[in-house]
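Undergrad: Below is the sequence, then the predicted model.
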Amino acid sequence: MKFFITGSDTDVGKSFVTASLLRAFLEQGVKAVALKPVQTGYAEKSRIPDENSRIPSQSLEPDFKEYIKAGQNADFKATCYTFAYPASPHFSAELEGKKIKARGILDFIEQNLAQITLIEGAGGILVPLNESQSFLDIAKELNAPVILVCKNCLGAINHALLNLEILRQNSIKLAALILNFHDENDAICLSNQQFLQKKLSCPIITLKNYKNNENYSNSAKDFRAFISKFLDKK
């Protein structure tokens with residue numbers, strides 16, 4: 001089974017959610033992998049300083065480092081397009097004289113499928129890959145349920161509903177809405193959660209701002225109920 005993880009904006013915690021989900025599935029003995037087909041902001045000189053870490057001391061894509069912390073094999077290739085400049089994929093590719101092809105991404109995913117495959121996009125669902133294709137094209141071709149990650153703050157309702165409308169118009173199923181950086185003592189966070197729960201039939205999962213989550217075992221617990229229904233179908 002495949003899931004496509006996208007966000008309502010940049011820096012909403014897609015990689016955190018992807019790594020947490022990966023950890024949750026792995027803890028249940030499921031053969032799961034996380035893929036990040038397009039990675040921008042990849043500095044090849046960025047190295048992991050801890051020589052005793054299970055992560056090899058070599059340059060790695062930033063999000064792939066998080067997957068490894070969650071338990072993914074460090075030798076696994078999780079990315080097919082990497083670019084140095086931290087920007088929209090189409091622009092980062094242009095700066096290096098390259099072009100991203102949706103077919104290349106889809107072939108890469110097909111070659112790396114597992115029992116559970118988590119595919120993390122870059123930015124939001126309409127982020128362009130080139131002048132005519134976006135991650136929406138990838139999501140449609142995958143025919144995989146989407147996990148939408150939103151930062152639970154002022155504006156979250158609008159961001160969530162705009163994304164959900166795009167998914168609805170393209171007949172893409174929403175598997176879950178993740179309200180990240182949730183604060184149970186914040187009135188806006190609680191209001192967002194309550195409003196969206198009334199509007200949506202899919203699971204809504206709230207994640208607090210985890211500060212000590214080096215191997216994602218803490219945040220993985222928040223996904224146990226969600227993944228259990230998929231494990232029951234196996």
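TA: Perfect, I can see it now. Residues are numbered from 1 along each chain as shown.
Undergrad: where along this structure do the strands fall?
TA: 2-7, 32-35, 38-40, 81-83, 116-124, 146-151, 174-180, 204-206 (DSSP state E).
Undergrad: where does the chain have low pLDDT?
TA: Across the chain, the ranges flagged by pLDDT under 70 are 43-60, 211-213, 232-234.
Undergrad: returning to what we had before: go through the strands of the chain and name the closest to residue 157.
TA: Shortest distance between residue 157 and the strands of the chain, using Cβ to Cβ, is found for strand 146-151: 8.9 Å. All C-beta atoms are positioned from the backbone trio N, CA, C, and that covers glycine.
Undergrad: in the closest one, what counts as buried?
TA: By neighbour count on 16 or more other Cβ atoms under 10 Å, the buried set for strand 146-151 is 146, 147, 148, 149, 150, 151.
Undergrad: about what we covered before: could you dump the strands of the chain into JSON lines with distance to residue 229 added?
TA: Shown next, in JSON lines, are the strands of the chain (distance: least, Cβ to Cβ, whole Å):
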{"stretch": "strand 2-7", "distance to residue 229": "13"}
{"stretch": "strand 32-35", "distance to residue 229": "15"}
{"stretch": "strand 38-40", "distance to residue 229": "30"}
{"stretch": "strand 81-83", "distance to residue 229": "33"}
{"stretch": "strand 116-124", "distance to residue 229": "13"}
{"stretch": "strand 146-151", "distance to residue 229": "14"}
{"stretch": "strand 174-180", "distance to residue 229": "10"}
{"stretch": "strand 204-206", "distance to residue 229": "13"}
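Undergrad: what about the nearest residue to residue 195 once chain neighbours are set aside, how many neighbours?
TA: Excluding the flanking residues, the one nearest residue 195 by Cβ to Cβ, 6 or more residues apart in numbering is residue 157, at 5.8 Å. Using other Cβ atoms under 10 Å, residue 157 has 17 other residues around it.
Undergrad: Residue 157 contacts residue 196, correct?
TA: Yes. Judged on Cβ atoms under 8 Å, residue 157 makes contact with residue 196 at a distance of 6.5 Å.
Undergrad: Helices of the chain, start to end?
TA: Per DSSP state H, the chain carries helices over the ranges 14-27, 62-70, 89-95, 102-111, 135-142, 156-169, 187-199, 217-220, 224-231.
Undergrad: Please identify the most buried of those.
TA: Neighbour counts (mean count of other Cβ atoms under 10 Å) averaged over each of the helices of the chain peak at helix 14-27, with a mean of 25.
Undergrad: who does that helix touch, helix- and strand-wise?
TA: Packed against helix 14-27 by the contact rule (3 or more Cβ pairs under 8 Å, 6 or more residues apart in numbering; DSSP states H and E) you find strand 2-7, strand 32-35, helix 62-70, strand 116-124, strand 146-151, strand 174-180, helix 217-220, helix 224-231.
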